[in-house]
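Visitor: this one's structure only:
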């Protein structure tokens, strides 16, 4: 509870936390809007393939235009930072080589994210992996490499996985059993088959609305078709040692007031196949009627009382429980996304502590066909036309050689694949020169050799 005090101390000592940001999209802009007014944090530079986009993002959220300057290499970045300005560069590796001590990876691309993380670790830089796509593909291995290098690899506070991890940490620290953890979202089974052409109809956006802003159809579709939920719950599984259900997420429509009634084991009247798992709750029922007091933007954890005494305490202090009095829940109704990212920066630099990180290999995101595919078809990755991501147990993924979604972009189909079929490495031709492919296969080999914990 002293991060702000420590930030002020660093500001007064003229020793701010030096931060480099890779990517200038929405999440990045939200962080930049707060960083400009946060004590003890110095934005050294922003790497973006479109420098003008980065400048416009900064100005739009409150940075004076005169504080921004173009840079080509690490020396120029450092010189600009020493003058109190912010460097804008096209070269992300030069930013990593600069004096920035914390790197924020906000690209959303698994291959690019892997390269950036490895470079940051090699250069002894802490890295905040906002890019959850990379984390669920190779996060456990990146975290291991970061620990060996003496730096932190961290989830991004403000994004739902890190907020869920905070709730899990609180629950375990005070002695509660974590029964289930997850987030809310809008979901219907038909959304699995949505594509960039149908997505706006599901969102209710008109062509005029889409034309007024920078709307990325494939990115928006990844949130709709269940892929992003699978990715984020995979990250939580691997960070908290929570085992996913074998048959994936069910997206039950649940009010935030009924979490403790539904997200508990089947043996006690709930829907869970086992204790210690993850699940997303839908904000509307299967008739597309909104659930009252839904948790669409929030996160939750259901708790189990470890003793009859604790059950009695629940009752005495008015805690909402299920009928047996054994289960309760905590939730946060919304998240502030990139506006909260500074907490990860402060936690890493001041406490040398991540805001959640992948340590186990419990979950994986399986590439699943949205439609019948034929030889020669090219998979287009997250949120596209060809596949969605399904959360599976890592043991099943390894045993069946399932193709993780993070490697699906650009893979060429070799044999006929049916709609809803889980796609394996054997079904596709893949570019084996990709750094992300090589690190993932290395991690899989290590897992099969027993070097990663696959169960609690």
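Guide: Okay, I see it. All values derive from a computational prediction rather than experimental measurement.

Visitor: Going by C-alpha atoms from here, please, whenever you check contacts or count neighbours.
Guide: Fine.

Visitor: I figured residue 96 hits residue 103, correct?
Guide: Yes: with contacts counted by CA atoms under 8 Å, residue 96 reaches residue 103, the gap being 7.0 Å.

Visitor: Ranking helices and strands of this structure by mean pLDDT, which lands last?
Guide: None of the helices or strands of the chain scores lower by mean pLDDT, DSSP states H and E than helix 207-211, at a mean of 82.

Visitor: How about residues contacting the helix or strand just after that helix?
Guide: Later in the chain than helix 207-211, the nearest helix or strand by DSSP states H and E is helix 217-224. Contact partners of helix 217-224, identified using CA atoms under 8 Å, 6 or more residues apart in numbering, comprise 186-187, 191-192, 194-197, 199-200, 228-229, 382-384, 388.

Visitor: Quick check on those: which are buried?
Guide: With neighbours counted using 16 or more other CA atoms under 10 Å, the contacts of helix 217-224 contain these buried positions: 186-187, 191-192, 194-196, 199-200, 228-229, 382-384, 388.

Visitor: Tell me which residues touch residue 294, please.
Guide: Contacts for residue 294 (CA under 8 Å, 6+ apart) come out as 184, 254, 255, 256, 282, 283, 284.

Visitor: Distance check, it against residue 186.
Guide: 10 Å (CA to CA, to the nearest Å).

Visitor: Return every residue with contacts to both of those two.
Guide: In contact with both residue 294 and residue 186: 282, 283, 284, using CA under 8 Å, 6+ apart.

Visitor: So which of those wins on neighbours?
Guide: Comparing those on neighbour count, residue 283 comes out first with 27 neighbours (neighbours: other CA atoms under 10 Å).

Visitor: pLDDT value on that one, please?
Guide: If you check residue 283, the pLDDT there is 98.

Visitor: Identify, by residue count, the longest strand of this protein.
Guide: When the chain is scanned for its longest strand (criterion: DSSP state E), the result is strand 177-185.

Visitor: in the sheet, who's paired with the residue lying closest to residue 22 once chain neighbours are set aside?
Guide: Distances taken as CA to CA, 6 or more residues apart in numbering place residue 47 nearest to residue 22, at 4.7 Å, with adjacent residues excluded. Note on residue 47: beta-bridge partners residue 22, residue 89, judged by DSSP bridges.

Visitor: Please tell me how far residue 47 sits from residue 63.
Guide: Look at residue 47 and residue 63: by CA to CA, they are 16 Å apart.

Visitor: next one: residue 266
Guide: 53 Å.

Visitor: With residue 397 instead?
Guide: Here residue 397 is placed at a distance of 46 Å from residue 63 (CA to CA).

Visitor: same question, residue 172
Guide: 41 Å.

Visitor: Show me how far the least confident helix or strand of the chain is from its chain's centre.
Guide: How far helix 207-211 lies from its chain's middle: 28 Å, per CA atoms, centre = their mean, to the nearest Å.

Visitor: circling back: compare residue 172 and residue 63 and say which one has the larger neighbour count.
Guide: Of the pair residue 172 and residue 63, residue 63 is the one with more neighbours under other CA under 10 Å, namely 19 against 12.

Visitor: Could you report the neighbour count for the closest residue to residue 122 other than its chain neighbours?
Guide: Distances taken as CA to CA, 6+ apart place residue 149 nearest to residue 122, at 7.4 Å, with adjacent residues excluded. Other residues near residue 149 number 15, with proximity taken as other CA under 10 Å.

Visitor: Now residue 98. Nearest residue, chain neighbours left out?
Guide: Closest residue to residue 98 apart from its sequence neighbours, by CA to CA, 6+ apart: residue 74 at 4.6 Å.

Visitor: Now the one you found: phi and psi?
Guide: For residue 74, the backbone dihedrals (degrees, to the nearest 10) come out as phi -60, psi -40.

Visitor: which residues of the stretch 51-200 of the chain fall in helices?
Guide: Ranges of helices in the stretch 51-200 of the chain, per DSSP state H, counting those that start in this stretch, are 51-61, 74-82, 92-96, 110-122, 132-149, 160-173, 199-203.

Visitor: for the ones you listed, which one sits closest to residue 289?
Guide: helix 199-203 (13.9 Å; CA to CA).

Visitor: Figure out the helix or strand that residue 309 lives in.
Guide: helix 308-316.

Visitor: which residues sit against that helix?
Guide: The contact list for helix 308-316 (CA under 8 Å, 6+ apart) reads 305, 320, 321, 325, 326.

Visitor: Would you point out the most distant pair within the residues you listed?
Guide: Farthest apart among those by CA to CA are 305 and 320. That separation is 12.3 Å.

Visitor: Would you mind telling me which of these two has more residues around it?
Guide: In terms of neighbours (other CA under 10 Å), residue 305 is the more surrounded of residue 305 and residue 320; the figures are 21 against 18.

Visitor: OK, contacts around residue 58?
Guide: With contact set as CA under 8 Å, 6+ apart, residue 58 has these partners: 29, 32, 33, 64, 65.

Visitor: Ok, residue 67 next?
Guide: 84, 85, 86.

Visitor: quick one, what contacts residue 35?
Guide: Contact analysis of residue 35 by CA under 8 Å, 6+ apart lists 41, 42, 43, 342.

Visitor: Now for the second one, how many residues are close by?
Guide: To tie it back to what came earlier, the one meant is residue 42. 21.

Visitor: for the closest residue to it other than its chain neighbours, what are its contacts?
Guide: Closest residue in space to residue 42, ignoring its immediate chain neighbours: residue 18 at 4.9 Å, by CA to CA, 6+ apart. Contacts were defined as CA under 8 Å, 6+ apart; by that measure residue 18 touches 41, 42, 43, 44, 99, 100, 101, 102.

Visitor: cutoff 6 Å now
Guide: By CA atoms under 6 Å, 6 or more residues apart in numbering, residue 18 lies in contact with 42, 43, 44, 100, 101.

Visitor: residue contacts, residue 229?
Guide: No contacts exist for residue 229 under CA under 6 Å, 6+ apart.

Visitor: what do you get for the one 5 residues further on?
Guide: Taking CA under 6 Å, 6+ apart, we find residue 234 in contact with 363, 364.
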